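Asks: fold the stuff below for me.
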Amino acid sequence: MSTTTATNNTFLVTGGTPLHGSVRIGGAKNASYKLLIASILADSESRLLNFSHISDVTLVADIIDYLGGTTDRSCERAIFVNPSGMTNHVIKPEHGSQGRFSNMFIPVLLHRFGKAVVPTPGGDRIGKRPLERHFQGLEALGATVEERDGMFFASADQLVGTTYRFAKNTHTGTETLLMAAVLAKGTTVLENAAQEPEVDDLIKFLNNMGGQIERITPTTIRIEGVSKLHGTIHKIIPDRNEAVSYACAAIATKGDVIIENARAEHLEAFLQVLEKIGAGYEIGDYGIRFYYKGPLTATDITTEIEPGFMTDWQPLMATLLTQCQGTSILHETVMSKRFQYVPALQEMGAQIEYKHIPVADPQTTYNFNLDETSQDTPHAISITGPTALKAGTFEIQDLRQGATLILAAMIANGTTTLTNTTQVDRGYEDLDSRLCSMGAKIERV
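Replies: Residues are numbered from 1 along each chain as shown. This is a model prediction of the structure:
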């Protein structure tokens, strides 16, 4: 446990109150800031609707302004981006540690200037980000990328289409190469490409700008390079991670919540798990209702790449599983360090043990690079419940751990103190006040 003095980025969370009400989710975090970056591929203004008021979006907009473009966030849910005035191809070093997206600026800066200098990305501490999957693809398209003193230096006179197969599936790597290939000369084919809804939202956006991109199989994308892109108007898809966060909170607190705008087609793997544990949900044209309908049953879950159970959902589900009868197994195959929340839950009374799961072919089973962890590192946990959690004092380490600890505190006995809440603000819009609107007892000190 990390104990710190309460500051103005501290939550005091008192547990024991079921959530009731409704909440409208905003645009997907994993789409909003990437669409902002993609918008500067155009030669005129784009308007993005339903964007999220989160710090990652604000930071990307600030970077675009710094590079010479203009962003207008005067509207409630719209942001206007005009890249026509961009004159700078260098992103300041301090912007790297504040988010995980700095390298995604490389393809757009290459198209505009033929060169790019960006800092190494930061973000959540959930395992080394396999950026070689991004850079090998950029190099296949004709770019050169070098790292020196914490900065990436890239250059390319002209990106040229190619056929590139990702050694392992990568969400942001696919999006990075989409932005590189859309204005490249000739045809690019991406194999073993990611299937996430956010990737398809980017494809739709680029096509609306004048791109020619087609998903020809679930994991194969063909891009016919075009000479230029124009601005467009695009509505961002709703945030499925946010939907899962509120759903787990409703069920774990034995509540009943309607999540407006939630799309069942983006949550199929999650809904299947809810059926297994006996949680309630109803799908309507308004979104999805999630509710507690009786004692919950333990189940086993393996995280997988899309269309499987998302790694982002795993920490939230772990907390929900502490309230299920029996022993559940959570096997993480996507990120190498996704269990950083476990010690805090254990201190709160959760019965969690690390597990080694034998697999026939680790190279195929695990989507992270196996050399990131030692052979002794467990990639699974067992959770036995139901368990009455108790309050504590903790420092939030990353975005998902923060949401997980807030959820655990809402079902714990007593008042939990959570510091470093700026990690949560990176990816959630007013999470504390929106939970409070449904009955949660959370005070931002």
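Asks: what's the local residue count around L206?
Replies: Using other CB atoms under 10 Å, L206 is surrounded by 28 other residues. All C-beta spots, glycine's among them, are computed from the backbone N, C-alpha and C.
Asks: now the spatially closest residue to it that is not a sequence neighbour: how far from M209?
Replies: The spatial neighbour of L206 that comes closest, neighbours along the chain excluded (CB to CB, 6 or more residues apart in numbering), is V182 at 5.2 Å. Distance from V182 to M209, counting by CB to CB, to the nearest Å: 8 Å.
Asks: cool, Y164 as well?
Replies: Distance of Y164 to M209, computed by CB to CB: 22 Å.
Asks: that older thread, hang on, the residue nearest to L206 packs against G211?
Replies: Yes: V182 lies in contact with G211 (CB atoms under 8 Å); the separation is 4.5 Å.
Asks: mind listing the shared neighbours of these two?
Replies: I223, V226, L229 (CB atoms under 8 Å, 6 or more residues apart in numbering).
Asks: the first one in helix, strand or coil?
Replies: Local secondary structure at I223 is given as strand here, using DSSP: H, G, I helix; E, B strand; the rest coil.
Asks: now do the contacts for it.
Replies: Going by CB under 8 Å, 6+ apart, I223 touches G161, L178, A181, V182, A184, T187, T188, V189, L190, G211, Q212, I213.
Asks: next step: these restricted to strands.
Replies: Judged by DSSP state E, strands contain the following of the contacts of I223: T187, T188, V189, L190, Q212, I213.
Asks: got the contact list for the fourth one?
Replies: Just to be clear, that refers to L190. Remark: with contacts taken as CB under 8 Å, 6+ apart, L190 is in contact with G137, Y164, R165, F166, T174, L177, L178, A181, T220, I221, R222, I223.
Asks: can I get those in a markdown table with distance to D361?
Replies: Shown next, in a markdown table, are those (distance: CB to CB, whole Å):
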| residue | distance to D361 |
| --- | --- |
| G137 | 24 |
| Y164 | 24 |
| R165 | 18 |
| F166 | 18 |
| T174 | 23 |
| L177 | 26 |
| L178 | 29 |
| A181 | 31 |
| T220 | 23 |
| I221 | 26 |
| R222 | 29 |
| I223 | 31 |
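Asks: just the buried ones among those, please.
Replies: Neighbour-count burial (16 or more other CB atoms under 10 Å) is assigned, among these, to G137, Y164, F166, T174, L177, L178, A181, I221, R222, I223.
Asks: from those residues, pick the one nearest L49.
Replies: Taking CB to CB as the measure, L49 sits nearest to L178 out of these, at 20.7 Å.
Asks: so what's the closest one closest to, chain neighbours aside?
Replies: Distances taken as CB to CB, 6+ apart place L202 nearest to L178, at 6.1 Å, with adjacent residues excluded.
Asks: touching, the one you found and I37? I think so.
Replies: No: contact between L202 and I37 fails when scored by CB under 8 Å: they sit 9.7 Å apart.
Asks: now for the two: what residues contact both?
Replies: Residues touching both L202 and I37 (CB under 8 Å, 6+ apart) are M179.
Asks: about what we covered before: so which of V182 and M209 has more stuff around it?
Replies: For the pair V182 and M209, the greater number of neighbours falls to V182 (28 against 22), based on other CB under 10 Å.
Asks: got the CA coordinates for the helix or strand encompassing V23 in CSV?
Replies: Element membership for V23 (DSSP states H and E) is strand 20-24. Extracted C-alpha coordinates of strand 20-24, given in CSV (Å, rounded to 0.1, in the frame of the first residue of the first chain):
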residue,chain,number,x,y,z
HIS,A,20,-29.6,3.7,-9.0
GLY,A,21,-30.3,6.0,-12.0
SER,A,22,-28.9,6.6,-15.4
VAL,A,23,-25.7,7.9,-17.0
ARG,A,24,-25.0,9.0,-20.6
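Asks: show me what the lengthiest strand in the chain packs onto, helices and strands only.
Replies: Identified as the longest strand of the chain according to DSSP E is strand 324-331. Here strand 324-331 touches strand 296-297, strand 300-302, helix 314-321, strand 380-385, going by 3 or more CB pairs under 8 Å, 6 or more residues apart in numbering; DSSP states H and E.
Asks: which SSE is immediately downstream of the last one?
Replies: Moving toward the C-terminus from strand 380-385, the first helix or strand encountered (DSSP H and E) is strand 393-395.
Asks: tell me how far the residue nearest to L206 lies from L190.
Replies: Applying CB to CB, the value for V182 to L190 is 11 Å.
Asks: in the strand holding V23, what counts as buried?
Replies: V23.
Asks: packing partners for it?
Replies: Counting contacts by 3+ CB pairs under 8 Å, 6+ apart, strand 20-24 packs against strand 256-260.
Asks: now do the contacts for the residue nearest the centre of the chain.
Replies: In the chain, the centroid-proximal residue (CA atoms, centre = their mean) is N30; its distance is 4.8 Å. Counting by CB under 8 Å, 6+ apart, N30 touches H171, E196, E198, D239, N241.
Asks: and what of P83?
Replies: Each residue near P83 by CB under 8 Å, 6+ apart is listed here: S39, I40, L41, A42, D43, I64, G69, R112.
Asks: got a quick ChimeraX command for the buried subset of those?
Replies: Per 16+ other CB under 10 Å, the buried members of the contacts of P83 correspond to this ChimeraX selection:
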select :39,40,41,42,64,69,112
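Asks: restricted to helices, list the contacts of P83.
Replies: Mapping the contacts of P83 onto helices (DSSP state H) picks out S39, I64, R112.
Asks: closest one of the residues you listed to Q323?
Replies: Of all those, Q323 sits closest to S39, with 42.4 Å by CB to CB.
Asks: now for the contacts of I223: which two are most distant?
Replies: V189 and G211 (14.8 Å).
Asks: beyond the longest strand of the chain, next helix or strand please.
Replies: For strand 324-331, the following helix or strand on the C-terminal side (DSSP H and E) is helix 342-347.
Asks: buried set for that following helix?
Replies: Neighbour-count burial for helix 342-347 [16+ other CB under 10 Å]: V342, A344, L345.
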